[in-house]
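*Asks:* Sequence and predicted structure, then a few things I'm wondering about:
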Amino acid sequence: MASPVTPRSQDFPRWYQDVITQAELADNGPVRGTMVIRPWGYAIWERIQAEIDRRIKEAGAENAYFPLFIPESYLTREAEHVEGFSPELAVVTHGGGRQLDEPVVVRPTSETVINSFIAKWVHSYRDLPMLVNQWANVVRWELRPRLFLRTSEFLWQEGHTAHVSEEDARLYALRILREVYQSTMEDVLSVPILLGHKTRRERFAGAIRTWTCEGMMGDGKALQMGTSHELGQNFARAFGIQFTSEAGTQEYAWQTSWGVSTRLVGALIMAHGDDAGLRLPPALAPVEVVVVLIRDEEATRAAAQQLVSELAAASRRVRLDDRVATSFGRRSVEWELKGVPVRLEVGPRDLAEGQVTLVRRDIQEKRTVALAGAVTESVAALAAVQSGLLAEALQAREERTFSASGGDEAVEAVEAGGFALLPWDALGEEGETRLAGSGLTVRCLRRPDGTLAEADDESGLIAVVAKAY
RNA sequence: CGGGGAGUGGCGCAGCGGUAGCGCACCUGCUUUGGGAGCAGGAGGUCGGGGGUUCGAAUCCCCCCUCCCCGACCA
């Protein structure tokens, strides 16, 4: 039987599509660029969401909900913001069977509406910081959609905050970057990321600075997995977010906004997937352990059910696969495609020896373990998969990261996929433009030691250059 | 939005003027079950949509739509 997915090394985009189909993650929607997220894919998203949401709340922000429709006039209030988003707006011109007096825009992001309300709610420095987050769908009309990576409609979280000082705003943007985003991506998704700030060219429309989390995918391309922006006072001025300071003066607030989307599911697929399909870190797996009943006999069924209840009692997400009408081989392949981290196979042959077979999805290691110790072994294997995936991704990134002295060298180094590190001082914005001609972008700027720069014009910064999704 | 390719049962494809077929999946039965099971039977298609040419169109012509690949914009 041929493999259900195209080998990853043969055709990465095709492989990506195959995994999404075979693992039943998503389908294309009926309108170009739209996506149907299937139950298995949505369950993964729900787990990502839960992890992000918990951290956002720990960082002090509260959830709220703002409308999908935005008056077109709001968008135009901040010059760079409109300019940045105009090409991808979906605009509603008719409603209730009549042409609307003012067209409404389907939100591409909610800075404008949310800030118009923050302006209403903030009066005094005592009202600050104001920390608001919303979980929502947004629409950015896409000409070249890819499931999870670029769709015209996607799901995300967008945080919007207002602070008394530039420093407070900056610290909060960085706190979200590290304590919410980096933490979730590395500890939960098991995807190592590079933190840095974007160049002017790659900055969010309307921001004074954009911080980013950049991950490397299995083909060596970069994926922007999350961003946190310092908005300065741009939106505060546009929407009149003013407050009375401690000294009694009227001041404009300093703001941030930050978001991650269903793109993270795409990151997960591309960072960890292999020729057998998806590989899920246990923290996100809708099913952590699947107990496969090989043959339905009294003893095997009793043992399998016992394992299921013990794993459930140990708070593991577990499922019994007793579809014995379907061949064992098929069922194994299905769970591998779906990325379930640990599989316990219960059959009469092992059971006669008081054993079951434990399979780790990440390294496809198969070994027999004592029935009595199977739960403990499974829990240990889950921990090993969680950290193993991160270590593997980190090693892959290191193997594909090269130092370069100039643009040409970078192009050469990154041709087959990977990150090139080169001095930003030497490259500069003209160099960045030239790289764009070769399909390369500066993913982020960072200090040689990997820490985050204080200022854009700090000397000695390193540009991370790569092809990107 | 430019350049290239393709739309035929759920999926992958063949057929390229004479009235639609194959593989996989699906349904039923029996035999199977330790890595995508076997046999037998069965169901499923206004051939992307519209218009034209023709005695006759999946097949030829025109228009539209969608999808995939490559380039400019993006979470």
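*Replies:* That came in fine, so what should we check first?
*Asks:* What about A:W424, how many residues nearby?
*Replies:* 24 (other CB atoms under 10 Å). Quick note: C-beta positions are derived from backbone N, CA and C, even for glycine.
*Asks:* And for the one 10 residues further on?
*Replies:* Taking other CB under 10 Å as the neighbour definition, A:R434 ends up with a count of 15.
*Asks:* For it, give me its contacts.
*Replies:* With contact set as CB atoms under 8 Å, 6 or more residues apart in numbering, A:R434 has these partners: A:G407.
*Asks:* domains for chain A, by residue range?
*Replies:* Segmentation of chain A into domains, based on automatic domain parsing, reads A:12-272, A:289-388, A:401-466.
*Asks:* looking at those, which one has the lowest mean pLDDT?
*Replies:* Confidence, taken as mean pLDDT, is least for domain A:401-466 of the domains of chain A (a mean of 88).
*Asks:* Determine how far the last residue of that one lies from the first.
*Replies:* Distance across domain A:401-466, first residue to last, is 10 Å (CA to CA, to the nearest Å).
*Asks:* Only the buried residues of the longest helix along chain A, if you could.
*Replies:* The single longest helix within chain A, with elements called by DSSP state H, is helix A:374-399. For helix A:374-399, the neighbour count (16 or more other CB atoms under 10 Å) marks A:374-375, A:377-379, A:381-382, A:384-386, A:388-390, A:392-393, A:396-397 as buried.
*Asks:* For that helix, enumerate the helices and strands it packs against.
*Replies:* strand A:209-216, helix A:263-272, helix A:298-313, strand A:342-346, strand A:355-360 (3 or more CB pairs under 8 Å, 6 or more residues apart in numbering; DSSP states H and E).
*Asks:* Apply 6 Å and report the result again.
*Replies:* Judged by 3 or more CB pairs under 6 Å, 6 or more residues apart in numbering; DSSP states H and E, helix A:374-399 is in contact with helix A:298-313, strand A:342-346, strand A:355-360.
*Asks:* ok and the longest one relative to strand A:355-360, angle-wise?
*Replies:* Think helix A:298-313. Inter-element angle recorded for helix A:298-313 and strand A:355-360: 50 degrees (by axes from the mean of the first three to the mean of the last three CA atoms, to 10 degrees).
*Asks:* For helix A:298-313, list every residue counted as buried.
*Replies:* A:300-301, A:303-304, A:307-308, A:311.
*Asks:* right, is the helix or strand just after that helix up against RNA strand B?
*Replies:* Using DSSP states H and E, the helix or strand that follows helix A:298-313 in sequence is strand A:318-321. No - remark: strand A:318-321 sits outside contact range of RNA strand B, by CB under 7 Å from any atom of the strand, the gap being at least 11.3 Å.
*Asks:* Beyond strand A:318-321, next helix or strand please.
*Replies:* Next helix or strand after strand A:318-321 toward the C-terminus (DSSP H and E): helix A:328-338.
*Asks:* Buried residues in that following helix, which are they?
*Replies:* A:328, A:331-338.
*Asks:* Same question for stretch A:71-85.
*Replies:* Using 16+ other CB under 10 Å as the test for burial, stretch A:71-85 gives A:71-72, A:74-75, A:77-78, A:81-82, A:84-85.
*Asks:* among the residues you listed, which are within reach of RNA strand B?
*Replies:* Answer for the buried residues of stretch A:71-85 near RNA strand B (CB under 7 Å from any atom of the strand): A:G84.
*Asks:* contacting residues for the closest residue to A:E153 other than its chain neighbours?
*Replies:* Nearest residue to A:E153 in three dimensions, chain neighbours excluded: A:V139, at 5.1 Å (CB to CB, 6 or more residues apart in numbering). By CB atoms under 6 Å, 6 or more residues apart in numbering, the contact list for A:V139 reads A:90, A:106, A:152-153.
*Asks:* now A:Q355
*Replies:* Contacts of A:Q355 by CB under 6 Å, 6+ apart are A:368, A:370.
*Asks:* Distance check, it against A:A313.
*Replies:* A:Q355 sits 21 Å away from A:A313, taking CB to CB, to the nearest Å as the criterion.
*Asks:* And for A:Q134?
*Replies:* In terms of CB to CB, A:Q134 sits 37 Å off from A:A313.
*Asks:* Over to A:W156?
*Replies:* Distance from A:W156 to A:A313, by CB to CB: 36 Å.
*Asks:* Then A:E142?
*Replies:* 46 Å.
*Asks:* Check A:Q255 too.
*Replies:* Distance from A:Q255 to A:A313, by CB to CB: 47 Å.
*Asks:* And for A:D321?
*Replies:* On the measure of CB to CB, A:D321 and A:A313 end up 19 Å apart.
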